[in-house]
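K.L.:
return a 3D structure for these sequence lines:
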Amino acid sequence: MIQVRPAGERGRTDWGWLDSRHTFSFGEYYDAAHLGFRALRVINDDRVEPGAGFGTHGHRDMEILSYVLEGALAHKDSSGGGGVIRPGEIQFMRAGTGITHSEYNDSKVDPVHFLQIWIVPDTQGLKPSYGQRPFDAEAAARGFVLLASRDGRDGSVQVQQDVDVRVTRLAAGERRELELRPGRHAWVHVARGRASLDGKPLGEGDGAAVSDEERLPLAGAEDAELLLFDLA
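P.N.:
Model (predicted):
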């Protein structure tokens, strides 16, 4: 079963300096039908104006990933973690027992476009931590690159949940397929471009919940970048 979540039906926060689209309920946007999917709690599609950003604020008991599509995002947190995240990198912050952090557009000239992703951990009260790693963008154009996993295999960041997060990049007309183990579920998010999932068209910002399927057959309608969440 595949259920498409159209980009145009997402929630929206517009604060002038921030234009954010919410796949699932977040902040002042509440939709009882879209509170998350399995352990995936948040996908926020954020665009931040030059020099602006999120001041210091707190989180706890959440595994948080940042994925930059355009521009550069500066991060600093109370665990001692910090850096500038750019396209081709994945950033991870474990909120655990409690952490404060800030995120700002690192440029005074160019906007930054990034995805903020929250995953509910299967264990509470973990020690906060931070990680930032590059991934092989060329490999993503040939197949599926693992960004995050429970065991941190293949150079991915380690998250405290039974989830594999992958990225793939498809050219127009290109086909690719990811197999799912029995009993698994998936969420597919189109970060940019247009593609199809088992013949169902998906545009930029669209998502799709997948259950009771053995594979994810993907095809590029134009150059596209997709994140795939393989979930228990």
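K.L.:
what mean pLDDT does stretch 106-114 get?
P.N.:
In this model, stretch 106-114 has a mean pLDDT of 96.
K.L.:
residue 166 pairs with what?
P.N.:
residue 146, residue 228 (DSSP bridges).
K.L.:
residue 131 now?
P.N.:
residue 92.
K.L.:
give the contact list for it.
P.N.:
81, 91, 92, 93, 157, 158 (Cβ atoms under 8 Å, 6 or more residues apart in numbering). From N, CA and C alone the C-beta is placed, and that goes for glycine too.
K.L.:
now it: how far from residue 59?
P.N.:
Here the criterion is Cβ to Cβ, to the nearest Å. By it, residue 131 lies 15 Å from residue 59.
K.L.:
how about residue 122?
P.N.:
Residue 122 is 17 Å from residue 59, by Cβ to Cβ.
K.L.:
helix/strand/coil for the most centrally placed residue in the chain?
P.N.:
Central residue of the chain (Cα atoms, centre = their mean): residue 117, 4.3 Å from the mean position. What DSSP: H, G, I helix; E, B strand; the rest coil gives for residue 117 is strand.
K.L.:
again with residue 8
P.N.:
Under three-state DSSP, residue 8 comes out as helix.
K.L.:
for the protein, what spans make up the helices?
P.N.:
137-140 (DSSP state H).
K.L.:
pLDDT weak spots in it?
P.N.:
Along the chain, no part satisfies pLDDT under 70.
K.L.:
thought the residue nearest to the centre of the chain was touching residue 39?
P.N.:
No: if you go by Cβ atoms under 8 Å, residue 117 and residue 39 don't touch, sitting 11.1 Å apart.
K.L.:
thinking again about what came up before, more crowded one of residue 122 and residue 59?
P.N.:
residue 59 (17 against 14; other Cβ atoms under 10 Å).
K.L.:
follow-up on the earlier one: hmm, which of the contacts of residue 131 are the buried ones?
P.N.:
81, 91, 92, 93, 157 (16 or more other Cβ atoms under 10 Å).
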